[in-house]
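# Below: sequence and its predicted model.
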Amino acid sequence: MKKGEFMTKGHIAKLRREELALKSLVETTHKNLYGLVEKRLKFERFVRKIEDSEMRSILRLRCVECLSWEEIGLRLCMDRTVAAKKYKRFIESGEHKLPT
């Protein structure tokens, strides 16, 4: 709107619709964020139960920080293929069921 113009009923109705849409978006975002925080806490509880500290690190770097195998290898001073194989063996072993 330009300076000196008055708001019409149409402008007011449009603003109200936009306000409602924005409130709905904020509510949805909060719900999604809460769900993600809950999943992260569940994952952390799962990881804390793993005795092997190296495996805990690999899981966090891959599943939480979403790092590539090369980045994980650099962080843990190992070849990327070693990290990937350890992860794969852990998942395939079935000893620990990943939280959903």
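Right, received. Where do you want to start? Since the model is a prediction, treat every value here as computed from it, not as a measurement.
# could you say which helix or strand contains Lys23?
helix 9-48 (DSSP states H and E).
# So which elements touch that helix?
helix 53-59 (3 or more Cβ pairs under 8 Å, 6 or more residues apart in numbering; DSSP states H and E). In this view, the C-beta of every residue, glycine as well, is placed from N, C-alpha and C.
# immediately after the helix it packs on, which helix or strand?
helix 69-76.
# same for that following helix, what does it pack against?
Using 3+ Cβ pairs under 8 Å, 6+ apart: helix 69-76 touches helix 53-59, helix 80-93.
# Stretch 80-92: which residues count as buried?
Ala83, Ala84, Lys86, Tyr87, Phe90 (16 or more other Cβ atoms under 10 Å).
# in terms of contact, does the last one touch His96 like I think?
The one in question is Phe90. Yes: under the criterion of Cβ atoms under 8 Å, Phe90 makes contact with His96 at 7.2 Å.
# and Glu27, how many neighbours?
Around Glu27 there are 10 other residues, counting by other Cβ atoms under 10 Å.
# who's in contact with Arg60?
The contact partners of Arg60, by Cβ atoms under 8 Å, 6 or more residues apart in numbering, come to Val47.
# The chain should start at 294 in everything you say after this.
Understood, numbering begins at 294; the last thing we discussed is Arg353.
# Would you check how far apart it and Val375 are?
According to Cβ to Cβ, to the nearest Å, Arg353 and Val375 sit 17 Å apart.
# Averaged pLDDT, the helix holding Lys316. What do you get?
Across helix 302-341, pLDDT averages out at 92.
# Can you pull up the most central residue in the chain?
What sits nearest the mean C-alpha location of the chain, by Cα atoms, centre = their mean, is Leu329, with 5.9 Å.
# Output the helices and strands packed on helix 362-369 as CSV; include the columns mean pLDDT and distance to Leu313.
Formatted as CSV, the helices and strands packed on helix 362-369 follow (pLDDT from 0 to 100; distance: least, Cβ to Cβ, whole Å):
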stretch, mean pLDDT, distance to Leu313
helix 346-352, 96, 42
helix 373-386, 94, 45
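# Of those, which is nearest Ile365?
Evaluated over the helices and strands packed on helix 362-369, closeness to Ile365 peaks at helix 373-386, with 4.6 Å, by Cβ to Cβ.
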